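> Pasted the sequence and its predicted model underneath.
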Amino acid sequence: MLITGLSVAAGLAAAAWLSRWLMVRQAPEPGPSMRGRTVIVTGANSGLGRATAAALARLHARVIMACRDEKAGAQAARQILQEIGPGGGGELLVRPLDLSSLRSVRGFCDRVTQEEPRLDVLINNAGIFQCPYMKTEEGFEMQFGVNHLGHFLLTNLLLDLLKRSAPSRVVVVSSKLYKYGEINFDDLNSEKSYNKSFSYSRSKLANILFTHELAKQLEGTGVTVNCLHPGIVRTNLGRHINIPLLGQPIFKMVSWAFFKTPEQGAQTTLYLATSPEVKGVSGKYFGDCKEEELLPKATDDAVAKKLWDVSERMVGVI
């Protein structure tokens, strides 16, 4: 029994080392300079958002870190600048943005359009994952409200600035878990029933349908929009998942061995935000910096258009 246990442990350790080695080997080189370009990253104080903001700063971008917690955002910005070193990067600006409040979204966009002469890239990164049933300030189910509706309004209110700055890009962070979601127009607010896993998947499917419809509307404007899945990444996104105390050490080992670091997970976001290889590409879905196929339900024109129209009414942009 002891020998078997040791063999399993050794096998896991070897697999962990190989997995991490392969992920490091596959990490692409830094992207092209973003000097003179302004980028907004939502949820930029931690996880994927922080890694994205840091990488863009290293490419000399002017990065607007849109954060629900302005204090945490300021601390992250200071740490990033310390990591880069003096004179080695771009500019980091922290701005308050709470995607669970449409009032906050409007205030953020008003400030951006007043202060910024251009916007080259909008990265819709922030999200909430499998939380208990909660509602946003306006009474929307939290995951659908933050992951979809908040970003829907944000993007719509910044479209004119993006168009004036063309060629420009919108990048939407979705998830492979979209495959398990369905758009139920009779219960978008989950008032009849709520399943936290299904609700997350539905919000991620909504992200992709939003990308699909927006790409059609932006044809000929010089603004592109693409979405992506980052893979399984070690972030605090899973803070609402309860792991039994005895299982926590195993989970930590597995996540260390097989999950991507935030820096690795951010690579596809950075690719879509900066790479000349996707110049003019729009309405597509990417993983590991490569285009991937979507299930038919994620490219349904009629559902995408209906979701767009319903979302307009929900956030009040009509």
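Done, it's in. It should be emphasised that the depicted structure is a prediction, and the values quoted were computed from it without experimental measurement.
> Check whether residue 211 really touches residue 283, as I assumed.
Yes: shown here, residue 211 and residue 283 form a contact pair, counting by C-beta atoms under 8 Å, at 6.5 Å. Where C-beta positions appear, they are placed from N, C-alpha and C, glycine not excepted.
> which of these two has more neighbours?
Taking other C-beta atoms under 10 Å, residue 211 and residue 283 do not tie; residue 211 has more neighbours (27 against 18).
> Tell me how many other residues crowd the closest residue in space to that one that isn't next to it in sequence.
In space, and not counting its chain neighbours, residue 211 is closest to residue 227: 4.2 Å by C-beta to C-beta, 6 or more residues apart in numbering. Counted with other C-beta under 10 Å, the neighbours of residue 227 add up to 29.
> Give the buried residues for stretch 284-295.
Going by neighbour count (16 or more other C-beta atoms under 10 Å), the buried part of stretch 284-295 is 284-286, 288-289, 294.
> same check, this time on stretch 90-100
For stretch 90-100, by 16+ other C-beta under 10 Å, it's 90, 92-95, 97-100.
> What of stretch 214-232?
By 16+ other C-beta under 10 Å, the buried positions in stretch 214-232 come out as 214-215, 218, 223-231.
> would you turn the residues you listed into JSON lines with pLDDT and distance to residue 171?
Formatted as JSON lines, the buried residues of stretch 214-232 follow (pLDDT from 0 to 100; distance: C-beta to C-beta, whole Å):
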{"residue": "214", "pLDDT": "98", "distance to residue 171": "12"}
{"residue": "215", "pLDDT": "98", "distance to residue 171": "12"}
{"residue": "218", "pLDDT": "98", "distance to residue 171": "13"}
{"residue": "223", "pLDDT": "98", "distance to residue 171": "12"}
{"residue": "224", "pLDDT": "98", "distance to residue 171": "9"}
{"residue": "225", "pLDDT": "99", "distance to residue 171": "8"}
{"residue": "226", "pLDDT": "98", "distance to residue 171": "6"}
{"residue": "227", "pLDDT": "98", "distance to residue 171": "8"}
{"residue": "228", "pLDDT": "98", "distance to residue 171": "7"}
{"residue": "229", "pLDDT": "97", "distance to residue 171": "12"}
{"residue": "230", "pLDDT": "96", "distance to residue 171": "11"}
{"residue": "231", "pLDDT": "89", "distance to residue 171": "16"}
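> Can you name the helix or strand that residue 138 falls in?
Following DSSP states H and E, one finds residue 138 outside all helices and strands.
> for it, what are its contacts?
Applying C-beta atoms under 8 Å, 6 or more residues apart in numbering, we find residue 138 in contact with 101-102, 145.
> same question, residue 300
By C-beta under 8 Å, 6+ apart, the contact set of residue 300 is residue 209.
> quick one, phi/psi of it?
Per-residue torsions, residue 300: phi -80, psi 110 (degrees, to the nearest 10).
> quick one: common contacting residues for residue 211 and residue 283?
Counting by C-beta under 8 Å, 6+ apart, the contacts common to residue 211 and residue 283 are 225-226.
> so the residue nearest to residue 211 is in which element?
Assigned by DSSP H and E, residue 227 falls in strand 223-229.
> any weak-confidence spans in this structure?
1-30, 233-259 (pLDDT under 70).
> Could you confirm residue 39 falls within a strand?
Yes: under DSSP: H, G, I helix; E, B strand; the rest coil, residue 39 sits within a strand.
> Just give me the neighbour total for it.
27.
> That one bridge partners, please.
Beta-bridge pairing for residue 39 (DSSP bridges): residue 63, residue 121.
> Once you drop chain neighbours, what's closest to residue 154?
That would be residue 105: by C-beta to C-beta, 6+ apart, it lies 5.3 Å from residue 154.
> and if you look at residue 113?
Nearest non-adjacent residue to residue 113, counting by C-beta to C-beta, 6+ apart: residue 161, 5.7 Å away.
> Show me what counts as buried in stretch 183-198.
By 16+ other C-beta under 10 Å, the buried positions in stretch 183-198 come out as 183, 188, 190, 196, 198.
> Going by distance to residue 271, which of those wins?
residue 183 (28.0 Å; C-beta to C-beta).
> wait, the closest one sits on residue 305?
No: look at residue 183 against residue 305 with C-beta under 8 Å: they stay out of range, at 11.7 Å.
> Determine which two of the buried residues of stretch 284-295 are furthest apart.
Among these, the pair separated by the greatest distance (C-beta to C-beta) is 289 and 294, which sit 16.7 Å apart.
> show me where the protein has helices.
Assigned by DSSP state H, the chain shows helices spanning 2-26, 47-58, 70-84, 102-115, 142-144, 151-164, 196-217, 248-258, 262-265, 267-274, 301-315.
> what's the last one in contact with?
What it means is helix 301-315. The contact list for helix 301-315, computed with C-beta under 8 Å, 6+ apart, reads 102, 140, 148-149, 152-153, 156, 183, 185, 188, 206, 209-210, 212-214, 297, 318.
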